[in-house]
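*Asks:* What would the 3D arrangement of this be:
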Amino acid sequence: MLRVVVSGGSRGIGRAIVERSARDGYEVHFLYRCREDAAGEVVETVARDGGRAVGHRCDITDGHLMGEVADELADGGVYALVNNAAVLRDGHFLLMDESRWDPVLDTVLTAAYRLTRSLLRPMLRAGRGRIVNIGSLSGLLGQTGQANYSAAKGGLHAFGKALAREVGRYGITVNTVVPGWINTDLVSTLNKDRRARALASVPLGRFGQPAEVASAVSFLLSDAASYLTGTTLRVDGGLGA
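*Replies:* The predicted structure is shown next:
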């Protein structure tokens, strides 16, 4: 059974990716920071559907700890990695000190670097692999109050394109999925006016579902996407058109 690793896999889009990957027949290992109850629910849901998922509690901003977990995962061989973990620390740039800047860059970009570097080796040995980065429209278009998040996601986008050029010759693809407004905890916390403005900005007239992002990831992990690398797939209802 091929192994897929997902960072930030206990909630929202990450959880949907874990559950879909398990239904696709992969053995899924996911990383989560602190929500042990949520991680347990994911494992139980996957098991009820006949799949296999394993949660690993890990602060991915801790390079030593994440290195230990990555080494353990690499020992079993890895077919695919989905870099999904992210945090928000929004604020106007002039008021954005390093306590807001560092956690976002460390979680989104530095952790992706560390995890990818560790798990790329078994892919190289196998002569095949899939890496999918979960980007953001903030990383492509910029967003007021999100200089940190835009920088991190923009860096992740560029990182994927550069890596795709390096590893393509070894049978490894690297692509980015960019969600738009997706029905997650973040959207549910918006006030009524902000939610209405967000909805009005989407040409399809609705928010997306985490499962729809997971479907895009599923495609990129499949043989049907074997000639796609360095691409950006937007799942945004036309928002970025």
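*Asks:* need the strands for the protein, in chain order.
*Replies:* Counting by DSSP state E, the segments of the chain that form strands are 3-7, 27-32, 52-57, 80-83, 129-134, 172-179, 232-235.
*Asks:* Any idea which of those strands gets closest to Gly40?
*Replies:* Gly40 sits nearest to strand 52-57 of all the strands of the chain, at 7.3 Å, using CB to CB. To be clear about C-beta, it is placed using only N, CA and C from the backbone, and glycine gets the same treatment.
*Asks:* Could you report the neighbour count for the nearest residue to Gly8 once chain neighbours are set aside?
*Replies:* Excluding the flanking residues, the one nearest Gly8 by CB to CB, 6 or more residues apart in numbering is Ala85, at 3.3 Å. Applying other CB atoms under 10 Å, we find 23 residues neighbouring Ala85.
*Asks:* Need phi/psi at Ala85.
*Replies:* Dihedral pair for Ala85: phi -60, psi 140, per degrees, to the nearest 10.
*Asks:* where are the low-confidence patches of the protein?
*Replies:* By pLDDT under 70, the chain has no low-scoring segment.
*Asks:* Now do the phi/psi pair for Leu239.
*Replies:* According to degrees, to the nearest 10, Leu239 has phi -60, psi -40.
*Asks:* wait, it sits on Pro203?
*Replies:* Yes - using CB atoms under 8 Å, Leu239 is in contact with Pro203, at 7.0 Å.
*Asks:* out of these two, which sits in the busier spot?
*Replies:* Higher neighbour count among Leu239 and Pro203: Leu239, with 19 against 11, using other CB under 10 Å.
*Asks:* got a list of what that one touches?
*Replies:* Residues counted as contacts of Leu239 (CB atoms under 8 Å, 6 or more residues apart in numbering) are Leu137, Gly180, Trp181, Ser201, Val202, Pro203.
*Asks:* rerun that using 6 Å as the cut-off
*Replies:* Counting by CB atoms under 6 Å, 6 or more residues apart in numbering, Leu239 touches Gly180, Val202.
*Asks:* roughly how far apart are it and Val178?
*Replies:* Using CB to CB, to the nearest Å, Leu239 is found at 10 Å from Val178.
*Asks:* Would you mind measuring from Arg234 to Pro203?
*Replies:* Using CB to CB, Arg234 is found at 12 Å from Pro203.
*Asks:* do Asp106 as well
*Replies:* 34 Å.
*Asks:* what's the answer for Gly51, then?
*Replies:* Distance from Gly51 to Pro203, by CB to CB: 34 Å.
*Asks:* what do you get for Leu2?
*Replies:* Using CB to CB, Leu2 is found at 36 Å from Pro203.
*Asks:* dump the residue contacts of Gln146.
*Replies:* Going by CB under 6 Å, 6+ apart, Gln146 touches Asp90, Ser138.
*Asks:* swap the cut-off to 8 Å and go again
*Replies:* Leu88, Asp90, Ser138.
*Asks:* Save those residues as a markdown table, and put in neighbour count too.
*Replies:* Listed next are those as a markdown table, based on neighbours: other CB atoms under 10 Å:
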| residue | neighbour count |
| --- | --- |
| Leu88 | 16 |
| Asp90 | 15 |
| Ser138 | 22 |
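*Asks:* Could you single out the nearest of those residues to Gly12?
*Replies:* Closest approach to Gly12 among the contacts of Gln146 (CB to CB): Leu88, at 12.2 Å.
*Asks:* how far away is the residue most central in space within the chain from Thr110?
*Replies:* Of all residues in the chain, the one closest to the mean position by CA atoms, centre = their mean is Asn84, 1.7 Å from it. Here the criterion is CB to CB. By it, Asn84 lies 15 Å from Thr110.
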